[in-house]
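Student: what's the 3D shape of this:
(chains A and B)
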Amino acid sequence: MRYALFTGCVAKGAGRELMNATIFSADRLGIQLNEMKDASCCGAGVMDDDNHFLADTLNARTFSLAEEQGLDIMTICGTCQGVMRTAQTKMDNNPKYKEKVNAQLKADTGRVYAGKVKVKHFYQIVNDEYGLDNLKLRVTRKLSGLKVAPFYGCYVLRPHESSDVKVADKPDYLEKLISAVGGTAVDYPEKQKCCGFPILMANKSNSLQLSGNAIVGAIKAGADCIVTPCPLCHLNMDSYQPEIEGMIGEKLNLPILHYPQLLALALGASLDDIKANTHIVRPNNALKEITA
Amino acid sequence: MGAKFFVSRYNSEVDAKAHLQEFTVVVPKGATLLDCLNIIKWEQDGTFSFRMSCRSAICGSCAVRVNGHARLACKTQAADVIVDGEVTIEPLGNLPVIRDLIVDLEPFWESLERVKPWLVPDETKKFDRERLQSHHDQLKIDAASTCIMCGSCYSDCNVLNVDKMFLGPASLAKAQRFVFDTRDSEKEARLDFLSQVNGMWDCTHCAECSTRCPTEAKPLERIIELRQEAVNSGFTNNNGARHVLGFRESIGGFKGKGGGGMLNENYLPLRSVGLSLGGMLSLLPVGIRMIMRGKNPPMIPHIIDKIGEVRKMFRRFDEYRKEGEK
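Tutor: Model (predicted):
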């Protein structure tokens, strides 16, 4: 199995531990990755607020780069995944629009998006293509006793037309992946809600309130940690957890893991391999028993 | 074999809080969810209360939460939402409940009033006939005009859940309808108002509104159109719009120069707070915290390979923007 790895910006910036865990896990699973060093930012939905057409053309360029390599794209960010699939669905469902995007793309870069490439998040690849039975064979450290709260992130789930998470109203992807490595997924109402990250700059208090609700919900459900496929959700809930604690007036101390970190742990990674020390809320204590 | 309906019951005069009551309904072939609610009311418990009228997805009165998500009962096939023989029906969220599935829509109407949902024509101009619109101009407001004000988007909005002062998706979609109406004379005043706190920039893009919307109004799409209009008409003196400009500049460059193809995560937050002292101070705690953990983005911004292609694309759109201004 080989994929074109679309890292997204966070895995190269404020969430580099995501990159470490991805490389570790892919290596243990025997998944080969060609990092797309020539791909741009997906626009994160924010470029749409500037210009839809420009945002879609940027993504069409990324698709054409992968097609040139003859590889499907693997994303490791829920927001990249959602934004890229939305752009792709829009073009695939509307040949005239695709033609318009391609005309622009060709004029500026000589490239064309043919419509062949598949875009999948790492966790979908593990679930759909690698397979849970295969995964179970590779697990060297069962995460027994670890209670994990899945947090999906909006872009993975909505809009439904471009989401690959079937039955997006009642998702169970992450739950299945958690139990496949021996962990226990806990259920809580906020798991499909918004973390608030996109409005961190526009309305910090609302943004952090949304993250706070999710963290409190997970704690009430008995979680030892939250796991999310979106590094933006991670950033809001981890980097700003001290502010969230100040806002709601209680100590939370709930670690927020990237999905590939959870996977890497089950495949034998040490806390250092997943760069646990870079987290604002360090997961060392929550993971003490399984890493002992 | 009947399906189990768990419906929310609440009587503000008797109950401290709502509870779910179980009814068994033998669902007729092709029945809508509203048909099933009527079966419960007419055949099992006449006190069960909910709103309904047109049965044709036009009036918007029968919006309820089905398995946790807002839908029109009359537009939903019961068979589609009964999972393992069960379905849960509750009143809309983000609104006070009056009785059973009936909510008080007053907060929804109040938020709508705040966006002045009526046409303000230029009274200084004299017209000798109706104010005509071209087909092209009409299309810009077509989608928002299909809103039936059912409250589904209001119910499932993530931001309203934490801040009732947020204008909310339906009102912002309505605002788009007037900002883009060529016959309206208050476009600038409207954009200015909508750029304030609790306005268009407070939406998180979570897409719950568009996912739950039973018509083509799709509020998130309308909010995005409002933001494009605000950014490109110069309503940029706020964190939300500056955030968009920060994206544009760090990916594609500023006035045709620079741009790394990726986000510059050091520049973006500073740009968003407007390079102001107060703004920078607000970023200080998290900045220091991240540096202490080595979580801060690299100081030298990352530049992608073949960056020339991306810069060229952005320069082209700069030209389009200038042409638009002419």
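Student: ok, for the residue in the stretch 1-150 of chain B that chain A sits nearest to, nearest residue in space, not its chain neighbours?
Tutor: Using CB to the nearest CB, residue B:69 is the residue of the stretch 1-150 of chain B that sits closest to chain A, at 5.6 Å. Placement of C-beta: from N, CA and C, glycine included. Ranked by CB to CB, 6 or more residues apart in numbering or on different chains and with sequence neighbours excluded, the top spatial neighbour of residue B:69 is residue A:169, at 5.6 Å.
Student: Kindly provide the distance from the one you found to residue A:271.
Tutor: Counting by CB to CB, to the nearest Å, the gap from residue A:169 to residue A:271 is 36 Å.
Student: Repeat that for residue B:9.
Tutor: Applying CB to CB to residue B:9 and residue A:271 gives a distance of 50 Å.
Student: Please list all residues in contact with residue 195.
Tutor: All of this is about chain A. Shown in contact with residue A:195 (CB atoms under 8 Å, 6 or more residues apart in numbering or on different chains): A:151, A:153, A:154, A:210, A:211, A:214, A:228, A:230, A:232, A:233, A:236, A:237.
Student: Chain B is the one I meant
Tutor: Residues near residue B:195 by CB under 8 Å, 6+ apart: B:201, B:230, B:235, B:237, B:238, B:240, B:241.
Student: and the stretch 1-150 of chain A, which residues reach chain B?
Tutor: A:9-10, A:12-17, A:37-41, A:43-54, A:57-58, A:61, A:104-105, A:107-109, A:111 (CB under 8 Å from any CB of the partner chain).
Student: hmm, try it at 6 Å
Tutor: With the criterion set to CB under 6 Å from any CB of the partner chain, the stretch 1-150 of chain A comes near chain B through A:9, A:12-14, A:37-38, A:40-41, A:45-50, A:54, A:108-109.
Student: Now that we have those, which of them are buried?
Tutor: By neighbour count, with 16 or more other CB atoms under 10 Å in any protein chain shown, the residues of the stretch 1-150 of chain A next to chain B hold A:9, A:12-14, A:38, A:40-41, A:45-50, A:54, A:108-109 as buried.
Student: Pick out whichever of these sits closest to residue A:146.
Tutor: Relative to residue A:146, the closest of these is residue A:14; by CB to CB it sits at 25.4 Å.
Student: What pLDDT is listed against that closest one?
Tutor: We note a pLDDT of 95 for residue A:14 in this prediction.
Student: coming back round to it: can you say which of the contacts of residue B:195 are buried?
Tutor: In the contacts of residue B:195, the ones that pass as buried (16+ other CB under 10 Å) are B:201, B:230, B:235, B:238, B:240, B:241.
Student: and the residues you listed near chain A, which?
Tutor: Restricting the buried ones among the contacts of residue B:195 to those near chain A by CB under 6 Å from any CB leaves B:201, B:240.
Student: Now do the contacts for residue 146.
Tutor: The chain I'm using is chain A. Contacts for residue A:146 (CB atoms under 6 Å, 6 or more residues apart in numbering or on different chains) come out as A:183, A:224, A:290.
Student: right idea, wrong chain: chain B
Tutor: Listed by CB under 6 Å, 6+ apart, the contact set of residue B:146 reads B:215, B:216, B:217.
Student: now residue B:232
Tutor: So residue B:232 contacts nothing (CB under 6 Å, 6+ apart).
Student: Return the distance of it relative to residue B:179.
Tutor: The gap separating residue B:232 from residue B:179 is 12 Å, by CB to CB.
Student: what do you get for residue B:288?
Tutor: Counting by CB to CB, the gap from residue B:288 to residue B:179 is 41 Å.
Student: Check residue A:237 too.
Tutor: Distance, residue A:237 to residue B:179, by CB to CB: 34 Å.
Student: and if you look at residue B:54?
Tutor: For residue B:54 relative to residue B:179 (CB to CB), the value is 29 Å.
Student: Looking at those two, which one has more neighbours?
Tutor: Between residue B:54 and residue B:179, residue B:179 has the larger neighbour count (other CB atoms under 10 Å in any protein chain shown), namely 26 against 12.
Student: thinking the more buried one is in contact with residue B:189, fair?
Tutor: No. With contact defined as CB atoms under 6 Å, residue B:179 does not count as touching residue B:189 (10.0 Å).
Student: okay if I get the buried ones among the contacts of residue B:195 as JSON lines plus pLDDT and secondary structure?
Tutor: Formatted as JSON lines, those follow (pLDDT from 0 to 100; DSSP: H, G, I helix; E, B strand; the rest coil):
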{"residue": "B:201", "pLDDT": "98", "secondary structure": "helix"}
{"residue": "B:230", "pLDDT": "98", "secondary structure": "helix"}
{"residue": "B:235", "pLDDT": "98", "secondary structure": "coil"}
{"residue": "B:238", "pLDDT": "97", "secondary structure": "coil"}
{"residue": "B:240", "pLDDT": "97", "secondary structure": "helix"}
{"residue": "B:241", "pLDDT": "98", "secondary structure": "helix"}
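Student: Can you say which helix or strand has residue A:24 in it?
Tutor: helix A:16-29 (DSSP states H and E).
Student: Okay, buried residues for that helix please.
Tutor: For helix A:16-29, by 16+ other CB under 10 Å, it's A:16-26, A:28-29.
Student: from the chain's centre, how far out does stretch B:147-156 sit?
Tutor: 10 Å (CA atoms, centre = their mean, to the nearest Å).
Student: so for that stretch, what's the average pLDDT?
Tutor: The average pLDDT within stretch B:147-156 is 98.
Student: So what's the gap between the strand or helix carrying residue B:223 and the chain middle?
Tutor: Using DSSP H and E, residue B:223 falls within helix B:219-232. Here helix B:219-232 shows a centroid-to-chain-centroid distance of 11 Å under the convention CA atoms, centre = their mean.
Student: Take it, keep the C-alpha atoms, and write them as CSV.
Tutor: C-alpha atoms of helix B:219-232 as CSV (Å, rounded to 0.1, in the frame of the first residue of the first chain):
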residue,chain,number,x,y,z
PRO,B,219,-27.5,28.9,5.7
LEU,B,220,-23.8,28.1,5.8
GLU,B,221,-23.5,28.8,2.0
ARG,B,222,-25.2,32.1,2.5
ILE,B,223,-22.9,33.0,5.5
ILE,B,224,-19.9,32.2,3.2
GLU,B,225,-21.3,34.6,0.6
LEU,B,226,-21.8,37.3,3.1
ARG,B,227,-18.2,36.9,4.3
GLN,B,228,-16.9,37.0,0.7
GLU,B,229,-18.9,40.2,0.1
ALA,B,230,-17.6,41.7,3.4
VAL,B,231,-13.9,40.9,2.7
ASN,B,232,-14.0,42.1,-0.9
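Student: on that earlier part again, on the three-state scheme, the residue nearest to residue B:69 is what?
Tutor: Secondary structure, DSSP: H, G, I helix; E, B strand; the rest coil: residue A:169 is coil.
Student: One more: residue A:88?
Tutor: Applying three-state DSSP: residue A:88 is helix.
Student: Tell me the buried residues in the helix ranked longest in chain B?
Tutor: Looking across chain B with DSSP state H, the single longest helix is helix B:307-325. Neighbour-count burial for helix B:307-325 flags B:307, B:309, B:310, B:311, B:313, B:314, B:315, B:316, B:317, B:318 (criterion: 16+ other CB under 10 Å).
Student: likewise stretch A:172-186?
Tutor: Neighbour-count burial for stretch A:172-186 flags A:173-175, A:177-186 (criterion: 16+ other CB under 10 Å).
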